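Undergrad: Kindly generate the corresponding structure for this input.
(one chain, ligands or ions: 1)
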Amino acid sequence: MKSFENIDARSVKEAVSLLQKFQQQKKVAAVVGGGSEYLQLMKDQVMTPDYVINLKTIPGLNAIREERGGFRIGALATLAEIEEHSVLREKLLILSDAAGEAASPQIRNAGTIAGNICQRPFCWYFRSSHFNCLRKGGQVCYTVTGDGRFHAILGGGASYIVHPSDTAPALVALGAQIKIAGPAGEKTMPLEKFFVLPSVDFKRENVLNPGEIVTEIYVPIPKPGSKGFYHKVRERLAWDHAIVSVATVVQSSGGVVREARVVLGGVAPIPWRAAGAEEFLRGKKLDEANAQKAGEIALEGAKPLKDNVYKIAMAKLLVQRGLLASV
Ligand SMILES: Cc1cc2nc3c(=O)[nH]c(=O)nc-3n(C[C@H](O)[C@H](O)[C@H](O)COP(=O)(O)OP(=O)(O)OC[C@H]3O[C@@H](n4cnc5c(N)ncnc54)[C@H](O)[C@@H]3O)c2cc1C
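TA: Next up, the predicted model:
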């Protein structure tokens, strides 16, 4: 591993100004929460920062508070804390479930919610120092002619990575907001708008600008009559990212859907909101036939690679299953 200097930040303001300072000095600096993902990239020489700014030393940034009809979750709250928080679990079960599905107990104890949302792609070409892929400044996305069995079937184009986070689809389905601190102050935006498709910029996964860090996620409690579901298919039962996952939140009354959110993971470079399926379901009875049709609509426009055609049928079925479990 290339040698680097670790700096324990004491406040968000200090972390932001350190990032700014190193950028001006043309040094490479990165923030880490648990470090469970980023340190691996450093060991593999995929990332070679001069400075690592440790956010875990910022007091209070891991708080989980119920407030104004929702939960404020500090950037440093760990996946284990989110999985085990009893009130959050009662009111935002799909988020607790999604956090509990990520990685292994050890990683969930160290890994933070911000780190989980901001983690880099788990594409084997991106993670290998032997391949200078498109996302690392090269000319090619190797999945097109190489092995793309776990890669994107929707929203690819230039680069076929899939968004690796389990919590992100659940958070988008719940309508979460993300708070960002940077040199220009604080801003809040819908989490859905945080992620960047390769057609917009194939070198980044989110809208964070240099000097900006995530400080908080706000998750509204779903309206009365809502039910949610998170389900993940993976190759092995432990330590594995989603091949396909689905988060559904359905608000219904008298057996009729008022509002549905359907978000897929593992199929696209961003958590993929199936807006067509959501629209189709509004005002309909959520029975097997409509759930199946919604699954088909959700996968319209899918463009699989040669090795991952199987994901289409898997995702359709998962949407159907998620919807039927949400009534
Ligand atoms: C073997 C293995 C299996 C895994 N399986 C899964 C899985 O099945 N599902 C899943 O969802 N995840 C999985 N993960 C990823 C795991 O959940 C992440 O490692 C963890 O959530 C990252 O949290 P962290 O705080 O350790 O992030 P870090 O390693 O500290 O950071 C990760 C990235 O986020 C950035 N970052 C961190 N905090 C902030 C912040 N506050 N603001 C801006 N940027 C920030 C860092 O700069 C870095 O780029 C797996 C990881 C491993 C190593």
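
Undergrad: can we go C-alpha only for contacts and neighbour counts from here?
TA: Noted.

Undergrad: Would you confirm that residue 125 contacts residue 142?
TA: Yes. The pair residue 125 / residue 142 is scored as a contact, 6.8 Å apart, by C-alpha atoms under 8 Å.

Undergrad: of these two, who's got more company?
TA: residue 125 (22 against 19; other C-alpha atoms under 10 Å).

Undergrad: Would you verify that the more buried one is located in a strand?
TA: No. Read with DSSP: H, G, I helix; E, B strand; the rest coil, residue 125 is helix and lies in no strand.

Undergrad: now it: how far from residue 305?
TA: 15 Å (C-alpha to C-alpha, to the nearest Å).

Undergrad: before we move on, what about residue 297?
TA: In terms of C-alpha to C-alpha, residue 297 sits 20 Å off from residue 305.

Undergrad: Over to residue 265?
TA: Separation of residue 265 from residue 305 (C-alpha to C-alpha): 17 Å.

Undergrad: What of residue 270?
TA: Residue 270 sits 17 Å away from residue 305, going by C-alpha to C-alpha.

Undergrad: In terms of neighbours, single out the busier of the two.
TA: Counted by other C-alpha under 10 Å, residue 270 and residue 305 do not tie: residue 270 has more neighbours, with 30 against 21.

Undergrad: for the spatially closest residue to that one that is not a sequence neighbour, what are its contacts?
TA: Spatial nearest neighbour of residue 270, excluding adjacent residues (C-alpha to C-alpha, 6 or more residues apart in numbering): residue 163 at 5.0 Å. The neighbours of residue 163, taking C-alpha atoms under 8 Å, 6 or more residues apart in numbering as the test, are 121, 265-271.

Undergrad: how close does residue 163 get to residue 117?
TA: Computed as C-alpha to C-alpha, the residue 163 to residue 117 distance reads 9 Å.

Undergrad: for residue 109, same thing?
TA: 16 Å.

Undergrad: Which one's more surrounded, the two?
TA: Set side by side, residue 109 and residue 117 show more neighbours around residue 117, with 23 against 15, by other C-alpha under 10 Å.

Undergrad: so that one touches residue 170, yeah?
TA: No. Counting by C-alpha under 8 Å, residue 117 stays clear of residue 170, with 11.1 Å between them.

Undergrad: Now residue 88: phi and psi?
TA: The phi/psi pair for residue 88 (degrees, to the nearest 10) reads phi -60, psi -40.

Undergrad: what pLDDT does it get?
TA: On pLDDT, residue 88 comes in at 97.

Undergrad: neighbours of it, just the number please.
TA: Neighbour number of residue 88 under other C-alpha under 10 Å is 22.

Undergrad: list the contacts for it?
TA: Contacts of residue 88 (C-alpha under 8 Å, 6+ apart): 71, 82, 96.

Undergrad: Now, those residues that are in helices?
TA: 82, 96 (DSSP state H).

Undergrad: Quick one, which of the contacts of residue 88 are buried?
TA: The neighbour-count test (16 or more other C-alpha atoms under 10 Å) marks 71, 82, 96 as buried among the contacts of residue 88.

Undergrad: which parts of the strand or helix carrying residue 90 are buried?
TA: Element membership of residue 90, judged by DSSP states H and E, is helix 86-91. If you call a residue buried by 16+ other C-alpha under 10 Å, then helix 86-91 has these buried ones: residue 88.

Undergrad: Export it to PDB, keeping only CA atoms.
TA: Once non-C-alpha atoms are left out, helix 86-91 reads as follows in PDB (Å, rounded to 0.1, in the frame of the first residue of the first chain):
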ATOM      1  CA  SER A  86     -35.700  -0.900  17.800                       C
ATOM      2  CA  VAL A  87     -37.900   2.200  17.000                       C
ATOM      3  CA  LEU A  88     -36.500   2.600  13.600                       C
ATOM      4  CA  ARG A  89     -37.000  -1.100  13.000                       C
ATOM      5  CA  GLU A  90     -40.700  -0.800  14.000                       C
ATOM      6  CA  LYS A  91     -41.300   2.200  11.700                       C
END
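
Undergrad: so who does residue 54 touch?
TA: When contacts are counted by C-alpha under 8 Å, 6+ apart, residue 54 touches 6-9, 31-33.

Undergrad: which residues pair with it across the strands?
TA: residue 8, residue 32 (DSSP bridges).

Undergrad: Quickly note the distance from it to the ligand.
TA: Separation of residue 54 from the ligand (C-alpha to the nearest ligand atom, to the nearest Å): 8 Å.

Undergrad: picking up where we left off before, from the contacts of residue 54, keep the buried residues only.
TA: 9, 31-33.

Undergrad: What about the ligand: which of those touch it?
TA: 31-33 (C-alpha under 6 Å from any ligand atom).

Undergrad: Adding pLDDT, write those residues out as JSON lines.
TA: What follows is those, written out as JSON lines (pLDDT from 0 to 100):
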{"residue": "31", "pLDDT": "98"}
{"residue": "32", "pLDDT": "98"}
{"residue": "33", "pLDDT": "98"}
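
Undergrad: now, among these, which is nearest to residue 199?
TA: Comparing these against residue 199 with C-alpha to C-alpha picks out residue 31 as the nearest, at 26.3 Å.
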